[in-house]
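Q: Dropping the sequence and predicted coords here.
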Amino acid sequence: MKKVMFGFCFLLGSAVATYAQDTTSTSKSREQYSGTQQDKQQKDEYSDKEVIATTDLPKTVQDQIQGQDYSGWTVSKAYRKTKEGKTFYAVQLVQGSDKKIVKFDAEGNKLKEKNK
């Protein structure tokens with residue numbers, strides 16, 4: 001009887017191990033999950049910012065975007081954030097499949113640039 005139980009447990013363990021190693025059924029789920037996590041991170045990153053129209057950006061920021069540094073880039077989104085009484089702007093730029101986010105202060109000085 002012990003041999004039968006041992007055989008049954010071994011068979012069950014083998015089936016579980018084989019099923020756990022099957023990556024074809026979960027690869028799509030992982031891709032979907034990572035996309036969902038990335039979307040969530042992006043939403044969290046901008047949740048404290050106010051979405052604004054490109055025309056609502058200060059003239060100094062608009063001049064920076066239209067300058068030589070960002071020639072060929074298109075504004076896809078613009079954000080405004082007020083922190084400790086100071087106003088900051090974030091602009092998401094797109095060029096083909098490339099994306100970048102550039103952060104400016106109210107005077108149009110570039111604070112940070114991040115490629116995505």
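A: Yes, it's here. Small disclaimer: the values here were computed from a predicted structure and weren't measured. Numbering: from 1, shown residues only.
Q: can you give me the helices for this protein?
A: 2-21, 27-46, 59-65 (DSSP state H).
Q: Please parse this protein into its domains.
A: 1-47, 49-116 (automatic domain parsing).
Q: Please name the residues that touch the residue lying closest to residue 48 once chain neighbours are set aside.
A: Leaving aside its chain neighbours, residue 48 sits nearest to residue 81 (6.4 Å; criterion: CB to CB, 6 or more residues apart in numbering). Yep, even glycine has a C-beta here, placed from its N, CA and C like the rest. Neighbour list for residue 81: 48-50, 87-90 [criterion: CB atoms under 8 Å, 6 or more residues apart in numbering].
Q: Now list the buried members of those residues.
A: 49, 88-90 (16 or more other CB atoms under 10 Å).
Q: Of the helices of the chain, which shows the lowest average pLDDT?
A: Of all the helices of the chain, the minimum mean pLDDT falls on helix 27-46 (a mean of 52).
Q: Of the buried ones among the contacts of residue 81, just say which sits nearest to residue 1.
A: Among these, residue 49 lies closest to residue 1 (CB to CB), at 68.1 Å.
Q: so that closest one touches residue 92, yeah?
A: No: contact criterion CB atoms under 8 Å: residue 49 and residue 92 do not qualify, at 10.8 Å.
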